[in-house]
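Engineer: sequence and predicted structure are below.
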Amino acid sequence: MKIGITGGTGFIGNMVRRAALTKGDEVLLFSRRQKMEGRLFSVTHPLDVSGCDGLVHLAGESIIGLWTREKRRKIMDSRVEGTRRLVEGIAAAEVRPKVLVSASAIGYYGDTGEVITDEDAPPGTGFLAEVAQTWEAEALKAESLGVRVVLLRIGFVLGREGGAVAGKEGLGDGLLLSVLALGGGAEDVHVVAAEHGGGVRVLAAGVGVDLGVKHEDLDVGAVLQNHL
C-alpha cells in the first residue's frame, strides 16, 4: 500500500517511514520544504493526497521552547490548520484513502495529578488540552468522508536517535536532569519507546486493521521525572 506521511522528516516520522518501508509499503512524504522530494505540506492550501491508501499525520509545531503568545499560536494553528487542509485534500481526492492515523497527545486529559486516566476519561483543561481536543475534532471530520480515523494520543517519546531528549548526549548528569525535570521531579511522565510508536502507526495505517484501542499510544510506563 501507499502511505502518505506528514511530519515524515521528524524523529517519529522517520521511525514510521522506516517501519513502513521494511513492511514493504510505498511511502510518500509531505513537507513544507518545496525542494524536498514528495509533496507540499501547507496550512493554507488543501493537500494533494491522490494515490494514498492511508495517511499518517504527524506534522505540528514543536512544543519545546518558551511559550510566548506567538509560540502558542504556532502550536495551535500548525495542528488545527494543517489537519484541516489535510481533510480538505481527502475530500477533494477522486479516490480517498481508507484510513487517517492522526497524532494527538496525552495533554488531551490536562493535568490529572495522580488520577489514572484511559481513553474513556473526559477531556481536561489548559492550553495543551485545548490544542489536543481541537486537533482531534478536525481529524474526525474525515469520518464523514468515509475514512476511518485513528487518533493516537502520544506520550513522552524516547529513542536512541532523538525524541524528547534529542541533542542532550554528552551533557553532564546534573544538566540533563534539569532539562528533564520540568517541575519538581515528582510529576508523572508517560513514556513510549520510539520503536513501539513507529510500529503502531504503521499497523494502524494498514487497510482494514482494527487496533481495538482507538486513541492511546502508550506506553513503556508512567514514571516520576526524578526516576526518568
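Structural biologist: All right, it came through fine.
Engineer: what's the burial count for residue 30?
Structural biologist: For residue 30, the neighbour count with other C-beta atoms under 10 Å is 29. Backbone N, C-alpha and C define where each C-beta goes, glycine included.
Engineer: which helix or strand contains it?
Structural biologist: strand 26-31 (DSSP states H and E).
Engineer: what's the mean pLDDT across the helix or strand just after that strand?
Structural biologist: Note on strand 26-31: by DSSP H and E, the next helix or strand toward the C-terminus is strand 39-40. Averaging pLDDT along strand 39-40 gives 89.
Engineer: cool, and stretch 19-33?
Structural biologist: Mean predicted lDDT for stretch 19-33 stands at 85.
Engineer: give me the buried stretch members for stretch 53-67, please.
Structural biologist: Neighbour-count burial for stretch 53-67 flags 53, 54, 55, 56, 57, 58, 59, 60, 61 (criterion: 16 or more other C-beta atoms under 10 Å).
Engineer: hmm, I was thinking of stretch 37-56
Structural biologist: 38-39, 41-43, 46-49, 52-56.
Engineer: which ones among these lie within strands?
Structural biologist: 39, 54, 55, 56 (DSSP state E).
Engineer: ok, which pair from these is furthest apart?
Structural biologist: Farthest-apart pair in those is 39 and 54; separation 15.0 Å (C-beta to C-beta).
Engineer: one step back: pick out the lowest-pLDDT one from the buried residues of stretch 37-56.
Structural biologist: Out of those, that is residue 38, at 82.
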